[in-house]
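Engineer: Coordinates for the following, if possible.
(4 chains)
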Protein chains: 2
Amino acid sequence: MARTQGSHSGTTGPRVRDAALRLFARHGYAAVSMRRIAQEVGVQAGALYNYTPDKQSLLFDLMRGHMEDLLAAWADRSPESDPMAALEAFTRFHIRYHSQRPDAVFVAYMELRNLAPENFAVIERLRREYEEELVAILRRGVAVGAMEAPEPKVAAMAVIGMLTGVNTWFRAGGRLDLDDVESIYWDLVRKAVAG
Amino acid sequence: MARTQGSHSGTTGPRVRDAALRLFARHGYAAVSMRRIAQEVGVQAGALYNYTPDKQSLLFDLMRGHMEDLLAAWADRSPESDPMAALEAFTRFHIRYHSQRPDAVFVAYMELRNLAPENFAVIERLRREYEEELVAILRRGVAVGAMEAPEPKVAAMAVIGMLTGVNTWFRAGGRLDLDDVESIYWDLVRKAVAG
DNA sequence: GTCTATACCGGGATAGAC
DNA sequence: GTCTATCCCGGTATAGAC
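Structural biologist: Got it, this is the predicted structure:
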């Protein structure tokens, strides 16, 4: 039954995506060759084209998949009626979700300029959609008098920038665990938009 | 006196750096060829090697120059004795300085992974030096009871992430000018570390 | 200091056998 | 579905004339 070549149980597609994601995150899309991806997967370069029409599509599919998963994960929650509870949920969700997928996050933020224009537009729309979730929370908080943020859109960008930055320095196994980090950041966020 | 080729007043070196910076920021280091840079400058590719030993050095010199200029600009101020005044100064300085050099900032943050290891170490040290300026301010603020930040290093990373994010969305000529943005962010920072 | 020309290598992508 | 072989292009960097 042993096969030394040919299909190995139909998992090559996901393995291509995994290898591409890891290599793109580490070295950048433009610096990674199809040959290098193939080497990582253990196939010849030509075989990759059974799984993606071209290199650009490989990048785009990874980025779109990440953004759609992110939005789905956020939507898949019991919605909080209290704006302050929603803000805490968003803060902790963002830190935790992003810390669990550092490669996908990195690629999604760094490789925007390597997307073809039509692909860029799609990713941008998804990103905007996510940002608007936070803007809406802040607006509701201001409306009910629980928060003070004269410019909710600016505050949302500030908060997201702050939270996303965790991935640049946090490493598991250090003095602080993820729960600690979540709590420290929630403290900063809560106070920043306090009335 | 007209010359159609040869030296054009000794400014080719800076023009190479300017073109490289702009192109690296727009398309990424790995995606930009020496031929493309030469085209931008208006010389042949071979002529670039009168100004840089290789492409890697071109990137490294741009990044080191940016970090050194940043540190020098921050150092070149009358130091604030009051920690809260220092924090406001840092906030406004960071936003303003970075908003005036979007390309250099972008390259300095995005192309770290394309640096040779020994060059990476140099840039990382400079970046750490800058971050420590803010950490020191927060520690002093906490020490004199003007601020509350249980983890000054984490708070510093959070604040820098927040401030650096301005470059991702701010465009001059919009509803808000840079003074507005500075004030909004200063409000957020001040409250975030308030006692 | 810049040019032209080129060495040398590796890129993305495809064809056709198995 | 993967292989081998290959096409065609463009990459970095250098040599030598002017």
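Engineer: burial of A:A155, as a residue count?
Structural biologist: For A:A155, the tally of surrounding residues (other C-beta atoms under 10 Å in any protein chain shown) stands at 27. Using the backbone N, CA and C atoms, a C-beta is placed for each residue, glycine as well.
Engineer: can you list contacts of stretch A:79-87?
Structural biologist: A:A89, A:I137, A:L138, A:R140, A:G141, A:V144, A:A146, A:M147, A:V189, A:R190, A:V193 (C-beta atoms under 8 Å, 6 or more residues apart in numbering or on different chains).
Engineer: Helices - which of those land there?
Structural biologist: In helices, defined here by DSSP state H, the members of these are A:A89, A:I137, A:L138, A:R140, A:G141, A:V189, A:R190.
Engineer: okay, now the first one: neighbour count?
Structural biologist: Counted with other C-beta under 10 Å, residues neighbouring A:A89 total 18.
Engineer: For it, give its distance to DNA strand D.
Structural biologist: 41 Å (C-beta to the nearest atom of the strand, to the nearest Å).
Engineer: picking that back up, going by distance to B:E68, which of the ones in helices among the contacts of stretch A:79-87 wins?
Structural biologist: Among those, A:V189 lies closest to B:E68 (C-beta to C-beta), at 33.4 Å.
Engineer: check contacts around the closest one.
Structural biologist: By C-beta under 8 Å, 6+ apart, the neighbours of A:V189 are A:L87, A:T91, A:V159, A:M162, A:L163, B:A192.
Engineer: Could you provide these in a markdown table, with additional columns for secondary structure and pLDDT?
Structural biologist: A markdown table is the format used below for those (DSSP: H, G, I helix; E, B strand; the rest coil; pLDDT from 0 to 100):
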| residue | secondary structure | pLDDT |
| --- | --- | --- |
| A:L87 | helix | 98 |
| A:T91 | helix | 98 |
| A:V159 | helix | 99 |
| A:M162 | helix | 98 |
| A:L163 | helix | 98 |
| B:A192 | helix | 98 |
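Engineer: Quick check: A:P152 touching A:L138?
Structural biologist: Yes - judged on C-beta atoms under 8 Å, A:P152 makes contact with A:L138 at a distance of 4.2 Å.
Engineer: Who has more neighbours out of these two?
Structural biologist: A:L138 (24 against 19).
Engineer: Contact partners for that one?
Structural biologist: Contacts of A:L138 (C-beta under 8 Å, 6+ apart): A:P83, A:L87, A:M147, A:A149, A:P152, A:A155, A:A156, A:V193.
Engineer: same deal with A:T12?
Structural biologist: Taking C-beta under 8 Å, 6+ apart as the test, what A:T12 contacts is A:V41, A:V43, A:A47, A:N50, A:Y51.
Engineer: Grab the two from those residues that are most spread out in space.
Structural biologist: Longest span within the contacts of A:T12, C-beta to C-beta: A:V41 and A:N50, 11.4 Å.
Engineer: Neighbour count: these two, which is higher?
Structural biologist: More crowded of A:V41 and A:N50, by other C-beta under 10 Å: A:V41, with 19 against 11.
Engineer: distance of the more buried one from DNA strand D?
Structural biologist: Taking C-beta to the nearest atom of the strand, one finds A:V41 at 8 Å from DNA strand D.
Engineer: Do I have it right that that residue meets A:P14?
Structural biologist: No - A:V41 lies out of contact with A:P14 (C-beta under 8 Å); the separation is 10.0 Å.
Engineer: picking that back up, quick one: which of the contacts of A:L138 is nearest to A:H66?
Structural biologist: Nearest to A:H66 among those, counting by C-beta to C-beta, is A:A156 at 19.9 Å.
Engineer: just to confirm, which helix or strand has the spatially most central residue of chain A in it?
Structural biologist: Nearest residue to the geometric centre of chain A (C-alpha atoms, centre = their mean): A:V105, 3.6 Å. Using DSSP states H and E, A:V105 sits within helix A:102-110.
Engineer: Pull out the buried positions in that helix.
Structural biologist: A:D103, A:A104, A:V105, A:F106, A:V107, A:A108, A:M110 (16 or more other C-beta atoms under 10 Å in any protein chain shown).
Engineer: okay, and for chain A, where does confidence drop off?
Structural biologist: By pLDDT under 70, the weakly predicted segments of chain A are A:1-9.
Engineer: For it, which residues are neighbours of chain B?
Structural biologist: A:26-31, A:110, A:113-114, A:150-151, A:154-155, A:157-166, A:168-169, A:176, A:181, A:184-185, A:187-189, A:191-194 (C-beta under 8 Å from any C-beta of the partner chain).
Engineer: for the contacts of A:V189, which one is nearest DNA strand C?
Structural biologist: Of all the contacts of A:V189, A:L163 has the smallest distance to DNA strand C: 32.8 Å, by C-beta to the nearest atom of the strand.
Engineer: Just want the phi and psi numbers for A:G28.
Structural biologist: For A:G28, the backbone dihedrals are phi 90, psi 140 (criterion: degrees, to the nearest 10).
Engineer: residues touching it, list them.
Structural biologist: A:M110, A:E111, B:G28, B:Y29, B:A30, B:R113, B:N114.
Engineer: and A:K191, what does it touch?
Structural biologist: Counting by C-beta under 8 Å, 6+ apart, the residues that A:K191 touches are B:K191, B:A192, B:V193, B:A194.
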